[in-house]
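A.B. asks: Kindly return the folded structure for what I paste below:
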Amino acid sequence: MRFVRVSLFSLLAGTSAFGAAAGCQNDEPEGSLGASGSAGTGRAGTGSIITTPDGGGGEGAGPGTEPDSCGELVGLEQCGGTKKEAKLNTINVLLVIDKSGSMTDQPTGFSSDKWSALKSALGSVLTNVNERVHVGLLLYPFSTERAIPLEDCGTDCCTVPDGEAAVVVNVATGSESVPAINAQLADTSPGGGTPTAEALARAYDYFETGAGATLDGSRYVLLATDGGPNCNETLSCDEERCTPNLDGQCEGANCCEEAGEFCVDDAGVTTEITKLSAAGIPTFVIGIPGTEKYSDYLDAFAIAGGVPRTGSSRDYYAVSAGQGVQGLVDVFTDITTDLVRSCEIELTEKPPSLMSVNVAVDCKVVSQANATDGSGWEFDQEVDPTKVILHGPVCDDLQANGATRVDVVYGCPTIR
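C.D. replies: Okay, the predicted model is just below:
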């Protein structure tokens with residue numbers, strides 16, 4: 001998170017996706033299927049899917065949203081009637097990547113500097129992203145007019161472009177966006193400070209009022225940073241909240257005494273992540289080596305984002321120097337797999353008949369829970385259910401290994 005001014009000083013196996021396939025129809029009303037991930041946990045579900053009488057996807061289907069059909073759902077082969085296809089509900093992930101000057105540092109244990117390690121990890125992961133995962137890229141700080149120098153960045157130190165210019169690669173299908181992301185990363189060098197709050201504000205604008213507002217499917221931000229957020233000139237702080245002091249770059253008592261832009265802007269970041277979360281856009285937080293002194297802040301960011309890491313002493317996805325590039329790859333893989341690990345799947349629409357609902361994990365129908373061993377699924381409540389809950393071995397496997405899709409199907413008699 002090096003932030004240099006002349007006056008002061010000379011940071012998917014991604015095959016995880018939310019899909020949906022429609023079941024067959026008997027004499028039940030025209031069905032719908034799907035469930036949405038909870039913004040509170042961000043770990044579940046398929047999106048709202050509407051089947052149409054002609055068997056096509058619901059309104060809004062278009063290029064890149066054709067159904068990734070199961071062929072047939074194992075267990076519903078004898079349902080009868082006409083099998084319906086449905087529009088695929090896609091995972092949309094905007095990568096918000098810190099390219100501050102400190103990304104040129106090489107931590108002990110890394111075979112390269114942090115920027116090269118990040119590019120290598122993303123290149124490895126994004127190569128495996130298929131058409132069901134849409135990704136885009138926002139870099140910060142970033143200028144559309146010139147490269148931000150590593151030293152003496154001047155007025156460009158905290159630059160984040162206004163409007164849609166901030167998103168250098170729009171969220172799109174992997175085949176379209178991944179080559180562009182890799183090319184952009186290859187052509188970009190680190191430099192500048194860490195205007196994380198401003199970058200997240202642009203991510204919010206992109207998803208709410210910009211090109212990302214028309215995207216179908218679930219929306220996520222993946223924030224990767226290597227230091228403490230700063231670049232808010234309205235702040236003042238002592239040396240305990242001054243990023244140059246915390247990073248060991250300050251020879252004086254308080255390098256923020258006359259330069260508030262160096263103060264930790266945790267409140268600004270939390271505000272922007274909370275806005276994203278309230279809009280149904282969870283934020284994953286990855287801390288690259290260099291963030292250790294800011295761990296408490298990153299934990300708070302991860303909790304505000306609604307998708308804190310589980311099974312770890314930290315709430316954010318911390319990558320240690322000793323883990324190197326593989327540590328980054330593992331974290332990106334964990335996040336994409338984690339998107340479909342919840343055993344609670346929210347229903348986007350009321351089932352037309354509670355006797356004609358089925359749940360399928362990776363295209364295999366799961367029996368409704370029974371009193372013998374408690375395996376399978378059940379509604380959260382007997383009247384007007386809002387979600388289905390998986391139990392027993394199917395839940396254990398989902399949480400341990402993830403899944404590429406979880407479908408809730410209306411219109412076929414429930415398999416028990």
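A.B. asks: Any idea how many residues pack against residue 274?
C.D. replies: Look at residue 274: counted by other C-beta atoms under 10 Å, it has 16 neighbours. All C-beta atoms are positioned from the backbone trio N, CA, C, and that covers glycine.
A.B. asks: now it: how far from residue 197?
C.D. replies: As defined by C-beta to C-beta, to the nearest Å, residue 274 lies at a distance of 11 Å from residue 197.
A.B. asks: likewise residue 147?
C.D. replies: 23 Å.
A.B. asks: Show me which of these two is the more surrounded one.
C.D. replies: Set residue 147 next to residue 197 and count neighbours by other C-beta under 10 Å: residue 197 wins out with 22 against 14.
A.B. asks: in what helix or strand does the more buried one lie?
C.D. replies: Assigned by DSSP states H and E, residue 197 falls within helix 196-208.
A.B. asks: Run through the neighbouring helices and strands of that helix.
C.D. replies: The helices and strands touching helix 196-208, judged by 3 or more C-beta pairs under 8 Å, 6 or more residues apart in numbering; DSSP states H and E, are strand 91-98, strand 133-140, strand 167-173, strand 218-225, helix 266-278.
A.B. asks: mind listing what's buried in that helix?
C.D. replies: Within helix 196-208, the residues scored as buried using 16 or more other C-beta atoms under 10 Å are 196-207.
A.B. asks: Just give me the neighbour total for residue 384.
C.D. replies: For residue 384, the count of nearby residues is 11 (other C-beta under 10 Å).
A.B. asks: Check what pLDDT the closest residue to it other than its chain neighbours gets.
C.D. replies: Distance criterion C-beta to C-beta, 6 or more residues apart in numbering; nearest residue to residue 384, sequence neighbours excluded, is residue 350 at 6.7 Å. With respect to pLDDT, residue 350 has a value of 82.
A.B. asks: The closest residue to residue 199 other than its chain neighbours: what's it in contact with?
C.D. replies: Using C-beta to C-beta, 6+ apart and skipping residues adjacent in sequence, the residue nearest residue 199 is residue 140, 3.7 Å away. Applying C-beta atoms under 8 Å, 6 or more residues apart in numbering, we find residue 140 in contact with 96-99, 160, 166, 194-196, 198-199.
A.B. asks: Farthest-apart pair in these, please.
C.D. replies: Greatest spatial distance among the contacts of residue 140 (C-beta to C-beta): 166 and 194, at 15.2 Å.
A.B. asks: Of these two, give the one with the bigger neighbour count.
C.D. replies: Ranked by neighbour count (other C-beta under 10 Å), residue 166 and residue 194 place residue 194 first, with 33 against 23.
A.B. asks: quick one: contacts for residue 241?
C.D. replies: By C-beta under 8 Å, 6+ apart, the neighbours of residue 241 are 256, 263-264.
A.B. asks: Residue 330 versus that one, what's the distance?
C.D. replies: For residue 241, the distance to residue 330 (C-beta to C-beta) stands at 32 Å.
A.B. asks: And for residue 146?
C.D. replies: 35 Å.
A.B. asks: Counting neighbours, go ahead and name the busier of those two.
C.D. replies: Comparing residue 146 with residue 330 by other C-beta under 10 Å, the one with more neighbours is residue 330, at 16 against 8.
A.B. asks: Pretty sure the more buried one sits against residue 324.
C.D. replies: No. Between residue 330 and residue 324 there is no contact under C-beta atoms under 8 Å: 10.2 Å.
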